[in-house]
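Participant: A structural model of the following input is requested.
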Amino acid sequence: MAAVTDLKHVPATAEPPPASTGLRSTDAAAGRFWVTVGALWLALMVYAWSAWVISGDFKANTRGRAAAPEWYKVMVHSVEVFAVLVTLYILWRFVIRDKLKTGRLSFDALFFLGCWALLIQEPWINWSSYQFMYSTVAINFGSWTSHIPLWSSPNSQLVPLPFIWVGTAYLWLVAIPAWAGSKFMTWLRARQPGIGFFRLLGTTFLAFVVFDLLLESAITRTQLFSYASTVPSLTLFAGTRYQFPLYETVSWCGTYLGLACIHHFRDDRGRTLVERGVDKLRVRGRAKTFCRFLAIMGACQLVMLVTYNIPYVYWGLHAGPMPKSLVDSTWRNGGVCGPSTAYACPTPKDPIARISSPTNRVALH
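Facilitator: Have a look, this model is predicted:
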């Protein structure tokens, strides 16, 4: 097996040369596995997003929008403009430019597009209960989560997922930090050639922790999004609309680190671990590039699922009450829960509602 390198001398746009006879026969099976994983995720995206549009749930949630402060409206729409501009730059820099130069998609292009596809999992933090909220001020069309097989929490089609800035954030708030984390590991290895594997990962993880704490402190303070229900004993500013669960940083930085590792650890042919078996498959040209994309994207999806969304299913089962300021603000909770709906917002006193529950309110005796 080819040795892992930091790719200092490997062109980002170069397609790996034909596989050598040194590749083990099991690589072909591994290649088929990762391509299949990516294909299944792609099928889920096509199904969920198509069902979302066809069902009629694809419509704006503007509940309470007029009650939002003017400064907040200006901030949200400014972020939307920023998101469009930075997305256009990222697509040009990492996807389009090299495609025009070489006629094929570079590794970075496949990686950035694979990270963008993580958008399908963005609202999954609310799988077991309403733990994360945006606002109805942003341009939105609700959410597709009610069309995810085995989805649990009710009214999720109303979650006002910001179509513009969250729809693009997996490029500039996920792919860019993961790419930077990969570059950071290259820098560390250059400065400390003998650095151990676990020290390399640990140092990079801590760098992500600092970045995430600074980023999310600003976001939660400005209410761009909010952690609606959290485990109080593991939360900073618990009970306020600024509350921030510390396990968020652990999980999200785990996602960052996993994605950075996918980008960083490549062999001397420029291939990630999940791509290497693709050389053994009987595909060429664009079909081979598509298979590489599926393998990379599938690995990215599993990273986020395991490090972030599965843990949040557990946290949702043990979360404390949603702050009253969020319960009472329709422009914040979007009418997913609250006094004017059939569902009480998360609180340990009420049962956790399922998508089939007519209500989770119980009479006290």
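
Participant: let me see the ranges of the strands in the stretch 1-150 of the chain.
Facilitator: Taking DSSP state E, counting those that start in this stretch to define them, one finds strands in the stretch 1-150 of the chain at 4-5, 132-133.

Participant: immediately after the last one, which helix or strand?
Facilitator: As assigned by DSSP states H and E, the chain's next helix or strand after strand 132-133 is helix 165-169.

Participant: now that next one, how far from the centre of its chain.
Facilitator: 10 Å (CA atoms, centre = their mean, to the nearest Å).

Participant: now do the following helix or strand past that helix, average pLDDT.
Facilitator: Next along the chain after helix 165-169, taking DSSP H and E as the criterion, comes helix 176-191. What helix 176-191 shows for mean pLDDT is 98.

Participant: chain center to helix 176-191, what's the gap?
Facilitator: 20 Å.

Participant: what about Val303, distance to Pro162?
Facilitator: 23 Å (CB to CB, to the nearest Å). Bear in mind the C-beta positions are built from the backbone N, C-alpha and C, glycine included.

Participant: for Leu294, that is, sorry about that
Facilitator: Leu294 is 28 Å from Pro162, by CB to CB.

Participant: for the chain, what helix or strand is lowest in average pLDDT?
Facilitator: strand 4-5 (a mean of 44; mean pLDDT, DSSP states H and E).

Participant: give me every residue that touches the closest residue to His263 other than its chain neighbours.
Facilitator: The shortest distance from His263 to any non-neighbouring residue, by CB to CB, 6 or more residues apart in numbering, is to Ser182 (4.0 Å). Ser182 makes contact with Ala260, Cys261, His263, His264 under the criterion CB atoms under 8 Å, 6 or more residues apart in numbering.

Participant: could you rerun that using 7 Å?
Facilitator: By CB atoms under 7 Å, 6 or more residues apart in numbering, the contact set of Ser182 is Ala260, His263, His264.

Participant: and those residues, which is closest to Leu200?
Facilitator: Using CB to CB, His264 comes nearest to Leu200 of those, at 9.1 Å.

Participant: quick check: that closest one vs Ile54, distance?
Facilitator: 40 Å.

Participant: compare those two (neighbour count), which wins?
Facilitator: Using other CB atoms under 10 Å as the criterion, His264 and Ile54 rank with His264 on top: 23 against 10.

Participant: what's the spacing between the residue nearest to that one when sequence neighbours are not counted and Pro154?
Facilitator: Computed as CB to CB, 6+ apart, the closest residue to His264 that is not its neighbour in sequence is Ser182, at 3.9 Å. Applying CB to CB, the value for Ser182 to Pro154 is 40 Å.

Participant: repeat for Trp315
Facilitator: Trp315 is 19 Å from Pro154, by CB to CB.

Participant: repeat for Gly239
Facilitator: 24 Å.

Participant: of those two, which one has the most company?
Facilitator: Pro154 (23 against 15).

Participant: in contact with the more buried one, which residues?
Facilitator: Tyr343, Ala353, Arg354, Ile355, Ser357.

Participant: let's see it at 6 Å
Facilitator: Contact partners of Pro154, counting by CB atoms under 6 Å, 6 or more residues apart in numbering, are Tyr343, Ala353, Ile355.

Participant: cool, Arg93 as well?
Facilitator: Contacts of Arg93 by CB under 6 Å, 6+ apart: none found.
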